[in-house]
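Student: From the sequence below, what's the structure:
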Amino acid sequence: MKSVLGAATRRNIVASLAVTAATPGWAWAQPVGAEFWLVRHGESFVNTAPDPAIPDTGVSYPLTTAGFKQAQLLADKLDVSPQILTASTRVRAIQTADAVALKFGMEMTLAPELVEIDFGAAGQISDKVAMMTEVRRICADWLLERRDAGAPGGETLSLVKERYLPFMRSRLSALRAGPTPGVFVMHGALMSVTGPALFANVTPQFALTHPLANCAVIRGRMTPSGPICIDWAGATPA
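Tutor: Numbering: from 1, shown residues only. All right, here's what the predicted structure looks like:
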C-alpha cells in the first residue's frame with residue numbers, strides 16, 4: 001500500500017515522527033537512457049544506538065543531526081527536480097527523502113517494498129558488534145549463494161527479492177528518458193543484496209566488497225536489456 005503526502009502534511013508528519021532505521025528478465029519496452037538513483041538513508045539512531053527491545057518499524061529510529069546534514073547534502077547534489085521521489089516507510093528514509101521533496105516542492109511516495117530487510121533474531125542481538133557481525137554474515141551468505149534462509153523469524157533472500165524486484169521493475173519501466181532521474185530512498189542491506197539481481201553489470205563479489213555508507217548513492221541507467229549501474233557510491237562496476 002502506497003501513500004502520497006502533500007508538502008504541508010509531510011512536514012507535520014515527519015516532524016512529529018522525529019520526536020517520537022542473476023539479472024532479471026525485462027519483458028517489456030524499457031525507457032532507454034532514463035537514469036535513477038538508489039539512496040541509502042542518512043545516519044539514524046538505528047546506526048548509532050540500536051535497541052533490540054525497540055522493533056525497527058516506521059517511527060522507531062529517526063535521523064541524527066549528522067543524518068539531517070547528509071540528507072541536505074543529498075538534495076544539494078540534485079540540480080533538477082527528480083521525475084519521481086519514492087521512499088521506504090521507515091522514518092529515517094522519509095526524513096532523508098524529505099530534504100529533496102522540500103527543495104523542489106514535490107510530492108513523495110511511500111513504498112513498504114523498500115523497507116530494510118527483516119533480519120529476525122539476528123537483529124535482536126543485544127550486543128551491537130555481535131548483531132552487525134551476524135547481519136553481515138547473512139548478507140555475505142546471500143550474495144555468495146551459500147543459502148537462502150535468514151535468521152529465525154526473519155526474511156529469506158527469496159522473500160526479499162519477491163517484494164523488492166517486481167516493484168522496482170514496475171517503477172523503472174515508468175521512467176522517462178532525459179536529464180531528470182528517479183530517486184528511491186531505502187536501506188543499505190537491501191540495496192547491497194539485491195544489487196546483482198537488479199543490475200546486469202554488478203557481481204555478488206562487487207556488492208560484497210563495496211559496502212554502502214549512510215546517504216550513499218547508486219546511480220543506474222536503463223538500457224535495452226534492463227538497468228545497469230553507472231556509479232556505485234563512487235565505484236564503477238566492470
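Student: I am assuming Val59 contacts Val91, so please confirm or correct that.
Tutor: Yes - contact status for Val59 versus Val91: in contact at 5.1 Å, counting by C-beta atoms under 8 Å. C-beta coordinates here come from the backbone N, C-alpha and C atoms, glycine included.
Student: neighbour-wise, which of the two wins?
Tutor: Just comparing Val59 and Val91: by other C-beta atoms under 10 Å the higher neighbour count belongs to Val91, 28 against 16.
Student: so how far is Asp98 from the more buried one?
Tutor: 10 Å (C-beta to C-beta, to the nearest Å).
Student: In three-state terms, label Thr109 for me.
Tutor: Assigned state for Thr109: strand (three-state reduction, DSSP: H, G, I helix; E, B strand; the rest coil).
Student: repeat for Arg146
Tutor: Relying on three-state DSSP, one would call Arg146 coil.
Student: Can you pull the phi and psi angles for the spatially closest residue to it that is not a sequence neighbour?
Tutor: Leaving aside its sequence neighbours, Arg146 sits nearest to Ala140 (C-beta to C-beta, 6 or more residues apart in numbering; 7.9 Å). Per-residue torsions, Ala140: phi -60, psi -40 (degrees, to the nearest 10).
Student: Ala140 contacts Gln205, correct?
Tutor: No - the criterion here is C-beta under 8 Å, and Ala140 misses it with Gln205 at 10.3 Å.
Student: Mind picking out the helix or strand in the chain with the poorest mean pLDDT?
Tutor: Using mean pLDDT, DSSP states H and E, helix 7-19 stands out as the lowest-scoring helix or strand of the chain, at a mean of 44.
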